[in-house]
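Enquirer: got a sequence here, can you model it:
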Amino acid sequence: MNILVTGGAGFIGSHVVRLFVNNRPQDHIYNLDALTYAGNLENLRDIEDATNYTFIKADINDLENLDALFTTYKFDRVIHLAAESHVDRSIKDPLIFVKTNIIGTVNLLNTCLKYWEAPFTENLFYHISTDEVYGSLGTEGLFTETTAYDPNSPYSASKAGSDHFVRAYGETYDLPYVITNCSNNYGQNQFPEKLIPLFINNCIHKKALPVYGDGDYTRDWLYVVDHALAIEQVFTNGTLKETYNIGGFNEWKNIDLVKLLCKIMDEKLNNPAGTSEQLITYVKDRPGHDKRYAIDATKINKALGWEPSVTFEEGLRLTIDWYLANSSWLENVTSGNYQLYYDAHYLNA
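Expert: Just a heads-up that it's a prediction; the model follows:
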């Protein structure tokens, strides 16, 4: 098959692309990414010369180019990860989230309909979404696949809208799709605007660790490698027109997570105990901040046999070890030099 992965140079996308390139040598994996601030081709250096891999610099909002790409490469299946994903950025600029997450998704859906032929036997539109579409939980309960949508930020509203469009195209046009909604991802190659890599970097440089509000917000954390494996399971064996929630069974209050991270960082950096924890600084809460997310991943576990391979502390230690061993990657990202990689390695190829 010719498999198109959108957003494949991003954090989650790069792990999915690597897994599919390595595990599916019979298929050709096309990585389409606009290389905005969070897209980093250095994430994929190890497979960039693979014979079953092609990178395409393109924007899902360029409908004419999408049309040309489907004509040229004849994509059989799409794994759609391209998205704006940072809540704080969505509060400052909601419109870019509408353009990318909703209009970009509809552009892809329309292009698939144009080039795929009913009954779509070999086709699949796999849409990757988030648990944030469900809103905020109280102290009890879990998000299931039938939880009503109740988004509270421009980001989560834009992802909810894209989910609705995918389902609507399945019902209206019989387009074959699956949707997965995941909890907070963490792991190697994550852009350091997100909590864990930001705090790792700040601990290294002894900078403040900004914690929103009282730090009592609770999230379920999913190791990105486990998420990629779950995506492969759903892609291969998932039931069409079904939704699967993917969670790590790892609920942590933000402040407890930060204190654990500080403890491990002090061990790794040979700091006196408590050094990094002294960097914690409580800052003004952000608007519309959801109190608690927690996913019930029973369905994917029972239907497809997937479960996380690591505990949160194991995954966090693996993540910290990777960032400490890849200081040049972190320096390139924080300085912006990573954005020169495409020019150096693709424009003159």
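Enquirer: so where is the chain shaky, pLDDT-wise?
Expert: Within the chain, the stretches with pLDDT under 70 are 348-349.
Enquirer: please, where are all the strands along it?
Expert: Under the criterion DSSP state E, strands of the chain are mapped to 2-6, 28-33, 53-57, 77-80, 124-130, 177-182, 184-186, 209-212, 218-223, 243-246, 251-253, 280-283.
Enquirer: how far away is residue 313 from residue 171?
Expert: In this view, residue 313 and residue 171 are 43 Å apart by Cβ to Cβ, to the nearest Å. Backbone N, C-alpha and C define where each C-beta goes, glycine included.
Enquirer: try residue 64
Expert: In terms of Cβ to Cβ, residue 64 sits 28 Å off from residue 171.
Enquirer: number of nearby residues for residue 196?
Expert: As a burial measure, residue 196 scores 22 neighbours (other Cβ atoms under 10 Å).
Enquirer: with residue 339 instead?
Expert: For residue 339, using other Cβ under 10 Å, the count is 17.
Enquirer: what's the burial count for the spatially closest residue to it that is not a sequence neighbour?
Expert: By the measure of Cβ to Cβ, 6 or more residues apart in numbering, the closest residue to residue 339 outside its immediate chain neighbours is residue 35, 7.2 Å from it. Residue 35 sits with 19 neighbouring residues when counted by other Cβ under 10 Å.
Enquirer: what about residue 271, neighbour count?
Expert: Counted with other Cβ under 10 Å, the neighbours of residue 271 add up to 14.
Enquirer: is it true that residue 316 touches residue 260?
Expert: Yes. Proximity of residue 316 to residue 260 meets the contact threshold set by Cβ atoms under 8 Å, at 6.8 Å.
Enquirer: the two - which one has more neighbours?
Expert: Set side by side, residue 316 and residue 260 show more neighbours around residue 316, with 23 against 15, by other Cβ under 10 Å.
Enquirer: which ones are touching the more buried one?
Expert: 186, 196, 260-261, 264 (Cβ atoms under 8 Å, 6 or more residues apart in numbering).
Enquirer: what does residue 245 give?
Expert: Residue 245 neighbours (Cβ under 8 Å, 6+ apart): 131, 143-145, 180-182, 295-297, 299-300.
Enquirer: same thing but at 7 Å, please
Expert: By Cβ atoms under 7 Å, 6 or more residues apart in numbering, the residues touching residue 245 are 143-145, 181, 295-297, 299-300.
Enquirer: would you turn the residues you listed into CSV with distance to residue 53?
Expert: Output for the contacts of residue 245, formatted as CSV (distance: Cβ to Cβ, whole Å):
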residue, distance to residue 53
143, 34
144, 36
145, 32
181, 28
295, 31
296, 35
297, 30
299, 32
300, 27
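Enquirer: dump those residues into CSV; add neighbour count and distance to residue 105 as well.
Expert: Formatted as CSV, the contacts of residue 245 follow (neighbours: other Cβ atoms under 10 Å; distance: Cβ to Cβ, whole Å):
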residue, neighbour count, distance to residue 105
143, 23, 21
144, 14, 23
145, 18, 19
181, 24, 15
295, 28, 22
296, 17, 25
297, 25, 24
299, 17, 23
300, 24, 22
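Enquirer: between residue 313 and residue 171, which one's more packed in?
Expert: The residue with more neighbours, out of residue 313 and residue 171, is residue 313; 13 against 10, by other Cβ under 10 Å.
Enquirer: look up how far residue 62 lies from residue 347.
Expert: For residue 347, the distance to residue 62 - Cβ to Cβ - is 18 Å.
Enquirer: residue 129 now?
Expert: For residue 129 relative to residue 62 (Cβ to Cβ), the value is 23 Å.
Enquirer: go on, residue 115?
Expert: 16 Å.
Enquirer: if we can go back for a sec, of residue 347 and residue 62, which one has the most company?
Expert: Between residue 347 and residue 62, residue 62 has the larger neighbour count (other Cβ under 10 Å), namely 14 against 8.
Enquirer: contacting residues around the residue nearest to residue 217 when sequence neighbours are not counted?
Expert: Leaving aside its sequence neighbours, residue 217 sits nearest to residue 254 (Cβ to Cβ, 6+ apart; 4.9 Å). The contact partners of residue 254, by Cβ under 7 Å, 6+ apart, come to 211, 215, 217, 219.
Enquirer: sweet, I'm off.
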